[in-house]
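S.K.: can't give you the sequence, but here's the structure:
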């Protein structure tokens, strides 16, 4: 297992404190639902520690470091880091409703505990909390103009993320999704929030619009890299590292990159059989693929080199990330950390 | 039927144009879902005209007029009016999912056509579009500082609205809701958005924070007035004017103000019987109250004077609105229009 990059932990406590400071002191259980979704409480309101890795917060802080190492600049960026983490978690609350997922980070999902109606409310509330977090940059000395620009970037990225979620849901109903369409969806659903993480941190640290735009493009590439690796792990991961069986994504009939690549490259008879297996009306939690078909798909993917193709696609995105990063003219001290984080994304085994 | 105030139509076209300008030129069906929810299209994408009355937009423009009659100030306020209308419609899309309502303004609801998952996405997207609309005030010459302040107010009001929706959903599961609790819920769910309508228009037109705060309080009172009248109409309206039968809210077991007032004032035997009738597990669309029980509730409300009490509560809110409005020191030219709009709220028969 490769080492977790230092950047993931360096600002963790500062960003968590900034997130907590964004919650108003209102005594209503819906705020406890938000605290649960953020991993700070269990469902009974007792303290818990179940937050995500904070990858987006780390990107925000490194985006700021790429521009400035001034402590005030980093303080301002921490408001942006808090905002992107809260938006990310808002999207997970709504995604879990939309996908009917009952578990997240080893705990029941918000809708599973409090019902769909209140989960919708909780997500809606968290989106508002994110903007409240971002505006705290004003308290740390950010100019109104730079905060408006940060708000605009977060707004735009959230819109793209929702477009991505829209597309992802429609793809579930199709078997004719092209690889390029899939990547365009991934760039929105996953890439947009990674892009804005980098660019919002940079903006709050004083970046030019050109620098922020370059970092935004770099983050989108990183999001695509992240998803390609995720798709690879969903089929070929070491089960002990991943904590779920090899071929998990095949079993769940997930139309991830390796499957779409194979649909593009398979001879027509195999392609027809694969499309039949991935027919939307056969999918869903209740209809895992039988073992013999899992083996057949696994072997077909192997014959067509989908393993290497997926790995190569992830590596291509990593290189594109590096190139976009360079075009932002980042401070050299931050480049090592950013590349280490990206390399971790590319080579993680879980 | 009393005349519709002129203010509801005066800025209608300008605000609708501002709303349309906020939508990006993206060719994805989720934007058509948003256009449907805003009343601009039918479900097949053909032009339609099914928008709401635009009460919040009118309040925003009158809030601006209360401060300035400068054409540039009003242009800036139109961005705020577009934003509050879009937020209001976003909340309706999610409310309809949460309440399971299948019809809105005589058309199928978004979730009924496109499913719950995409209705959640559509509402989420519209919330983002509202902020994009608001930021257009910058294009009309608003300062970054005033736009940040407008964003803050919209953010805060949306949070209160979501708190109100949270409370409303929990009240459905209770029979012991006190009148004061109900009014506090109404102030959030309905009042907050009317408050911010007035205050955001004023802010963009150059109001002081004190003036904007006074207008915000006035709008919250107007929201309470609106709901009290709504609750009155739900039981005692002329069925021909309302387009649904008298006692509609009794039949649907809606725990509106007259019922809560009666629960507070009824002798204990009648109170117990009323509570039994309004037990949450008996409610819901599929369980309309039988005629004889509707009559019994209607008569009990009459005996206890819930009719007059509800009407009086609405009138008290109207007076409180006028008083808060006065404390904002509005331009006298706008006061007549604002009072006409509030009086319409109080005395409308549908």
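M.R.: Perfect, thanks for sending it. Because the structure is predicted, anything quoted here is derived from the model rather than measured. Numbering: from 1, shown residues only, chains lettered A, B, ... in the order given.
S.K.: isn't residue A:7 right next to residue A:335, touching?
M.R.: No: using Cβ atoms under 8 Å, residue A:7 is not in contact with residue A:335, being 11.7 Å away. C-beta coordinates here come from the backbone N, C-alpha and C atoms, glycine included.
S.K.: the more surrounded of the two?
M.R.: Per other Cβ atoms under 10 Å in any protein chain shown, whichever of residue A:7 and residue A:335 has more neighbours is residue A:7, with 23 against 17.
S.K.: give the contact list for the more buried one.
M.R.: By Cβ atoms under 8 Å, 6 or more residues apart in numbering or on different chains, the contact list for residue A:7 reads A:58, A:61-62, A:337-338, A:340-341.
S.K.: now, which of those residues lie within helices?
M.R.: In helices, judged by DSSP state H, the following of the contacts of residue A:7 are found: A:58, A:61-62, A:337-338, A:340-341.
S.K.: closest to residue A:254 out of those?
M.R.: Closest approach between the ones in helices among the contacts of residue A:7 and residue A:254, by Cβ to Cβ: residue A:341, at 25.7 Å.
S.K.: correct me, but that closest one touches residue A:58?
M.R.: Yes: at 6.4 Å, residue A:341 counts as touching residue A:58 under the criterion of Cβ under 8 Å.
S.K.: so for those two, which residue has more residues nearby?
M.R.: Neighbours were counted for residue A:341 and for residue A:58 using other Cβ under 10 Å; residue A:58 has more, 26 against 21.
S.K.: so the more buried one sits against residue A:4, correct?
M.R.: No: between residue A:58 and residue A:4 there is no contact under Cβ under 8 Å: 10.3 Å.
S.K.: tell me the secondary structure for residue A:329?
M.R.: Assigned by DSSP: H, G, I helix; E, B strand; the rest coil, the conformation of residue A:329 is coil.
S.K.: from the contacts of residue A:7, which is closest to residue A:278?
M.R.: Proximity of these to residue A:278 (Cβ to Cβ) peaks at residue A:341, which lies at 33.3 Å.
S.K.: residues in contact with the closest one?
M.R.: With contact taken as Cβ under 8 Å, 6+ apart, residue A:341 is in contact with A:5, A:7-8, A:55, A:58-59, A:62.
S.K.: overlap in contacts, residue A:341 and residue A:58.
M.R.: Listed as contacting both residue A:341 and residue A:58 by Cβ under 8 Å, 6+ apart are A:5, A:7-8.
S.K.: give me the residue at the spatial middle of chain A.
M.R.: Chain A has residue A:190 as the residue nearest its centroid, 4.5 Å off, counting by Cα atoms, centre = their mean.
S.K.: what residues are up against the closest residue to that residue other than its chain neighbours?
M.R.: Of all residues not flanking residue A:190 in the chain, residue A:223 sits nearest, at 4.0 Å (Cβ to Cβ, 6 or more residues apart in numbering or on different chains). By Cβ under 8 Å, 6+ apart, the contact set of residue A:223 is A:186-187, A:190-195.
S.K.: kindly recompute the last result at 6 Å.
M.R.: By Cβ atoms under 6 Å, 6 or more residues apart in numbering or on different chains, residue A:223 lies in contact with A:190-191, A:194.
S.K.: now residue A:321
M.R.: So residue A:321 contacts A:218, A:221-222, A:342 (Cβ under 6 Å, 6+ apart).
S.K.: residue B:248: which of those residues is nearest?
M.R.: residue A:222 (54.9 Å).
S.K.: one step back: take the contacts of residue A:7 and lay them out in a markdown table including pLDDT.
M.R.: Shown next, in a markdown table, are the contacts of residue A:7 (pLDDT from 0 to 100):
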| residue | pLDDT |
| --- | --- |
| A:58 | 96 |
| A:61 | 97 |
| A:62 | 97 |
| A:337 | 94 |
| A:338 | 95 |
| A:340 | 93 |
| A:341 | 93 |
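S.K.: which two among these are spaced furthest apart?
M.R.: Maximum distance among the contacts of residue A:7 (Cβ to Cβ): 13.6 Å, for A:61 and A:340.
S.K.: so which of these two has more stuff around it?
M.R.: residue A:61 (28 against 18).
S.K.: starting at the chain centroid, how far to stretch A:120-139?
M.R.: Centre-to-centre, stretch A:120-139 and its host chain are 18 Å apart (Cα atoms, centre = their mean, to the nearest Å).
S.K.: okay, buried residues for that stretch please.
M.R.: A:120-138 (16 or more other Cβ atoms under 10 Å in any protein chain shown).
S.K.: what's the answer for stretch A:260-267, then?
M.R.: Neighbour counts using 16+ other Cβ under 10 Å place A:260-263, A:265-266 of stretch A:260-267 among the buried residues.
S.K.: identify, from those residues, the entry nearest to residue A:323.
M.R.: Nearest to residue A:323, judged by Cβ to Cβ, of these is residue A:261 at 23.3 Å.
S.K.: what's the distance between the closest one and residue A:232?
M.R.: Distance, residue A:261 to residue A:232, by Cβ to Cβ, to the nearest Å: 11 Å.
S.K.: quick one, what contacts residue A:337?
M.R.: By Cβ under 6 Å, 6+ apart, the contact set of residue A:337 is A:7, A:62.
S.K.: one more pass at 8 Å, please.
M.R.: The neighbours of residue A:337, taking Cβ under 8 Å, 6+ apart as the test, are A:5-7, A:62, A:65.
S.K.: circling back: a markdown table for the shared contacts of residue A:341 and residue A:58, including secondary structure?
M.R.: Shown next, in a markdown table, are the shared contacts of residue A:341 and residue A:58 (three-state DSSP):
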| residue | secondary structure |
| --- | --- |
| A:5 | coil |
| A:7 | helix |
| A:8 | helix |
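S.K.: now the helices: where do they sit in the stretch 201-350 of chain A?
M.R.: In the stretch 201-350 of chain A, the segments counted as helices under DSSP state H, counting those that start in this stretch are A:209-236, A:239-242, A:248-251, A:257-265, A:268-277, A:291-303, A:306-327, A:332-347.
S.K.: out of these, which comes closest to residue B:292?
M.R.: helix A:248-251 (57.2 Å).
S.K.: show me what that closest one is packed up against.
M.R.: helix A:209-236, helix A:291-303 (3 or more Cβ pairs under 8 Å, 6 or more residues apart in numbering or on different chains; DSSP states H and E).
S.K.: adding mean pLDDT, write those helices out as CSV.
M.R.: Output for these, formatted as CSV (pLDDT from 0 to 100):
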stretch, mean pLDDT
helix A:209-236, 97
helix A:291-303, 95
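S.K.: can I get those helices in TSV with distance to residue A:29?
M.R.: Output for the helices and strands packed on helix A:248-251, formatted as TSV (distance: least, Cβ to Cβ, whole Å):
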stretch	distance to residue A:29
helix A:209-236	34
helix A:291-303	43
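S.K.: okay, these, which one's buried deepest?
M.R.: Of all the helices and strands packed on helix A:248-251, helix A:209-236 carries the top mean neighbour count, a mean of 24, counting by mean count of other Cβ atoms under 10 Å in any protein chain shown.
S.K.: tell me the angle that one makes with helix A:306-327.
M.R.: Taking axes from the mean of the first three to the mean of the last three Cα atoms, to 10 degrees, helix A:209-236 and helix A:306-327 form an angle of 160 degrees between their directions.
S.K.: now helix A:209-236 and helix A:332-347, what's the angle there?
M.R.: 20 degrees.
S.K.: could you count how many residues lie near residue A:99?
M.R.: Residues near residue A:99, counting by other Cβ under 10 Å, number 16.
S.K.: what's the nearest residue to it if we skip its chain neighbours?
M.R.: In space, residue A:99 is closest to residue B:117, 7.9 Å off (Cβ to Cβ, 6+ apart).
S.K.: ditto for residue A:110
M.R.: residue A:119 (4.4 Å).
S.K.: excluding its backbone neighbours, what's nearest residue A:258?
M.R.: Looking at residue A:258 with Cβ to Cβ, 6+ apart, the closest residue is residue A:306, at 4.0 Å.
S.K.: would you map the strands across the stretch 101-250 of chain A?
M.R.: A:103-104, A:107-108 (DSSP state E, counting those that start in this stretch).
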